[in-house]
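Enquirer: This is the structure alone, sequence omitted:
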């Protein structure tokens, strides 16, 4: 089976938005990682000025095919584009894919910018990527910051499972 990515129909999108309809017994593993993407020079009060990049990689650690449902909750800019507002942004997804045992997928700023339909209109955006799955995964996030063409920071973090499939272990 090939690894494939497809946009889910509107009906599944509505099911995903209502808690309990996508049941925990089917998608019991949950991984949530923050994202910061693009140049933030205009609003340093929100986050330090710099060029931000984030990428999350998830590898199917089980011996069976895994169903993965991904969504991205935008936290900046807020809906309505009110710069001073503390308000939620839009939710993108869900996007569903299948991963064979040992296969991995990578999601970066470019993927999320395309899915969010930002088309370069927004220099900086941030949010939370959530991966739900019926199988255990190894999930890592890499965060980099550049300022004046120089790297000012890099961080590689393991993203723990926070879903019901945790059972005393985080991976």
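Expert: The structure has been received and is ready for your questions. Please read all numbers here as calculations on a predicted model, not as lab measurements.

Enquirer: Let me see the ranges of the strands in the chain.
Expert: All strands of the chain, identified by DSSP state E, fall at 4-7, 29-40, 50-60, 66-76, 91-99, 104-108, 124-133, 137-147, 150-158.

Enquirer: Name the residues linked to the spatially most central residue of the chain by a beta bridge.
Expert: Nearest to the geometric centre of the chain sits residue 129, at 1.9 Å (CA atoms, centre = their mean). Residue 129 has these beta-bridge partners by DSSP bridges: residue 33, residue 72.

Enquirer: before we move on, what about residue 97?
Expert: Residue 97 forms beta bridges with residue 5, residue 68, as assigned by DSSP bridges.

Enquirer: Isn't it up against residue 58?
Expert: No: using CB atoms under 8 Å, residue 97 is not in contact with residue 58; the gap is 9.8 Å. All C-beta atoms are positioned from the backbone trio N, CA, C, and that covers glycine.

Enquirer: which neighbours do these two share?
Expert: Common contacts of residue 97 and residue 58, defined by CB atoms under 8 Å, 6 or more residues apart in numbering, comprise 68, 105.

Enquirer: Residue 26: neighbour count?
Expert: 11 (other CB atoms under 10 Å).
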